[in-house]
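S.K.: whatever this is, show me its structure:
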Amino acid sequence: MEINELTPAERRVWQAFATGAEVDFRERGEPEGAPERTLRAGVLRTLLLDGPREPGEIAALKVRGARVTGQLDLRYATIDSVLHLTHCHFENVPDFVGAQLRYVSLRDSELPGLSVTRARIDGSLRLTRCRFEGPVRIDGAQIAGALFIDRAEITVADAAQPALQLNQVSVDDDLCAHHLRARGRIRLDGATVAGSLDLEDSELSNPDGNVIDAEALEVGANVLWRRLSTRGRIDLRGARIPGRLDLLYSRLSNPGGTAMRASSCVIGELWLRRGPRVEGMLNLRRSQIEHLNLDPEMLPDQVRLLDLGYTSLTPHVPPEQRLPMLERDEDTFDPHGYEQLTAAYRRTGDDHAARLVQLAKQRRHRTTLPRYGRLWGHVQDATVGYGFRPMRALGWLLSLLAVGSVAFALHHPPALKADEAPRFDPVFYTLDLLLPVISFGQEPAFAPEGWQQALAYALILVGWILATTVIAGVTRTVSRQ
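M.R.: Below you'll find the predicted structure:
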């Protein structure tokens with residue numbers, strides 16, 4: 001391209017390129033669409049591919065406040081110059097598919113979209129405060145530095161088309177997208193981020209489908225989603241996050257569907273606290289979480305926790321506030337969930353809370369038994385609380401002892417052999433009836449009649465039931481210890 005074919009604006013950029021000087025079209029105050037601020041995309045392409053060089057200088061394209069007409073087509077090109085096109089307005093979607101770039105900054109620009117699919121960037125890609133009126137595709141790209149999409153706005157007209165495609169992207173530093181505003185789906189499937197993934201204070205909306213697709217996401221540090229607001233489904237199935245998944249103060253909403261699925265994940269810490277109640281299902285099935293920082297008030301009506309494993313659970317609250325989350329996992333009985341909660345309380349030294357969880361486990365299991373099993377379960381629960389409330393058996397024993405002692409004291413049963421019978425003692429006679437093994441010599445020496453005989457049979461039966469349930473409860477407790 002000849003220099004005399006360039007407009008005055010393009011000539012300024014051409015001359016500044018060789019030394020890497022910046023051209024700021026805003027300083028002269030021309031309107032945004034004025035010819036003095038307009039650059040043809042073809043001129044920029046030629047400049048990047050075969051622009052002038054000066055010995056001892058580092059060539060770079062640095063432009064502010066320009067209007068770029070036509071399509072900036074750098075597909076599969078190798079660009080060894082820094083590319084700064086900031087505060088610019090692009091009429092067409094820049095196409096960097098498969099390109100090899102050194103450093104790219106489009107911050108504060110307005111674009112109808114962007115395509116960086118399978119590109120390789122040796123430095124960082126900066127899209128800070130950009131406004132996109134179409135999809136942004138960075139899928140499969142390899143970025144040696146950081147990826148900045150912070151304070152950007154992305155809107156797509158076609159709801160079926162992802163707003164931001166980051167699937168299979170590889171970022172060797174942080175992915176910074178805090179204060180992002182996106183209307184449409186964000187894809188992060190198979191993405192690898194060596195540092196942290198930051199979406200704090202972002203607002204993401206895709207009410208009719210997934211708002212974040214992040215299956216098999218791998219992050220080297222943390223996923224920072226504090227004060228995140230989502231409308232749609234978050235899918236983190238199979239993600240690997242060695243640090244923390246931080247959802248403090250966040251608002252997750254997908255009424256009638258799944259608000260967040262983080263099943264089969266490996267996570268260092270999950271923080272879900274101090275925000276409004278989750279609207280939609282929360283699915284944490286088969287995940288392994290080292291530390292679960294979970295606020296009971298944030299849990300929705302439907303929670304899926306089957307085979308969820310965790311080492312510690314905070315904040316420390318009474319089991320009455322934790323047990324509902326286990327009862328919201330459909331109608332199936334999951335003993336593993338109760339054992340996990342029991343272990344969490346025992347690690348803090350709260351054995352009383354652990355026993356209450358185990359009692360709740362037995363009561364939930366009772367609902368899955370046939371009728372005769374449920375009946376025997378009610379007996380065990382009423383008498384000794386499945387072995388976790390042994391003092392209850394003592395209460396029953398003392399009550400029955402008092403009833404029998406009074407009844408037999410008012411009217412002594414006749415002796416079988418008056419000459420050989422010991423002196424009648426209503427208390428020890430009642431104990432002889434109640435205790436199946438121990439004998440005080442009273443019960444075989446006397447023969448009650450009428451209503452006293454019925455009372456004696458009842459005391460014997462109840463005694464055996466109490467003994468059986470106590471033995472079953474003690475055996476269950478000892479075996480667990």
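S.K.: from residue 227, how far off is the residue nearest to residue 202 when sequence neighbours are not counted?
M.R.: On the basis of CB to CB, 6 or more residues apart in numbering, the spatially nearest residue to residue 202 that is not a chain neighbour turns out to be residue 180, at 4.2 Å. All C-beta atoms are positioned from the backbone trio N, CA, C, and that covers glycine. Between residue 180 and residue 227 the distance, using CB to CB, to the nearest Å, works out to 12 Å.
S.K.: counting neighbours, go ahead and name the busier of those two.
M.R.: Each of residue 180 and residue 227 has its neighbours counted (other CB atoms under 10 Å); residue 180 has more, 24 against 20.
S.K.: that one touches residue 151, doesn't it?
M.R.: Yes. Applying CB atoms under 8 Å, one finds residue 180 in contact with residue 151, separated by 7.2 Å.
S.K.: in three-state terms, how would residue 312 be classified?
M.R.: Reduced to three states with DSSP: H, G, I helix; E, B strand; the rest coil, the structure at residue 312 is strand.
S.K.: that one touches residue 289, doesn't it?
M.R.: No. Proximity of residue 312 to residue 289 does not meet the contact threshold set by CB under 8 Å, at 9.3 Å.
S.K.: who has more neighbours out of those two?
M.R.: Comparing residue 312 with residue 289 by other CB under 10 Å, the one with more neighbours is residue 289, at 24 against 15.
S.K.: tell me the secondary structure for that one?
M.R.: Secondary structure, three-state DSSP: residue 289 is strand.
S.K.: who are the contact partners of it?
M.R.: Contacts for residue 289 were tallied using CB atoms under 8 Å, 6 or more residues apart in numbering; they are 265, 267, 268, 269, 270, 308, 309, 310, 311.
S.K.: buried ones only from those residues, please, as a PyMOL command.
M.R.: Buried residues within those, as defined by 16 or more other CB atoms under 10 Å, are selected in PyMOL through the command that follows:
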select buried, resi 265+267+268+269+270+308+309+310
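S.K.: inside strands: which ones of the contacts of residue 289?
M.R.: Using DSSP state E, the members of these that fall in strands are 267, 268, 269, 270, 309, 310, 311.
S.K.: how long is stretch 130-150 end to end?
M.R.: From the first residue to the last, stretch 130-150 extends over 9 Å; the measure is CA to CA, to the nearest Å.
S.K.: in the stretch 201-350 of the chain, where is pLDDT below threshold?
M.R.: Low-confidence segments of the stretch 201-350 of the chain, defined by pLDDT under 70, are located at 329-331.
S.K.: all the helices of it, residue numbers only.
M.R.: With DSSP state H, counting those that start in this stretch as the definition, the stretch 201-350 of the chain shows helices at residue ranges 319-327, 335-347.
S.K.: which residues are in contact with the longest one?
M.R.: So the one you mean is helix 335-347. Residues from elsewhere that reach helix 335-347, judged by CB under 8 Å, 6+ apart: 305-313, 319, 322-323, 326, 329, 351, 353-354, 357-358, 360-361, 364-365.
S.K.: again, only this time at 7 Å
M.R.: Residues from elsewhere that reach helix 335-347 (CB atoms under 7 Å, 6 or more residues apart in numbering): 305, 307-310, 312-313, 319, 322, 326, 329, 353-354, 357-358, 360-361.
S.K.: how close does residue 318 get to residue 421?
M.R.: Using CB to CB, residue 318 is found at 55 Å from residue 421.
S.K.: before we move on, what about residue 287?
M.R.: Computed as CB to CB, the residue 287 to residue 421 distance reads 70 Å.
S.K.: strands of the stretch 201-350 of the chain, start to end?
M.R.: Along the stretch 201-350 of the chain, the stretches classed as strands by DSSP state E, counting those that start in this stretch are 203-213, 218-219, 223-224, 229-235, 240-246, 251-261, 266-272, 279-283, 288-294, 303-304, 309-314.
S.K.: quick one: strands adjacent to the first one?
M.R.: In other words, strand 203-213. Strand 203-213 has the following strand partners under DSSP bridges: strand 181-183 (parallel), strand 186-187 (parallel), strand 229-235 (parallel).
S.K.: also the third one?
M.R.: Applying DSSP bridges to the sheet, strand 223-224 is found paired with strand 197-198 (parallel), strand 240-246 (parallel).
S.K.: relative to strand 251-261, how tilted is the last one?
M.R.: Between strand 240-246 and strand 251-261, the angle formed by their directions is 160 degrees, by axes from the mean of the first three to the mean of the last three CA atoms, to 10 degrees.
S.K.: ok, residue 435 touching residue 464?
M.R.: No. Counting by CB atoms under 7 Å, residue 435 stays clear of residue 464, with 9.9 Å between them.
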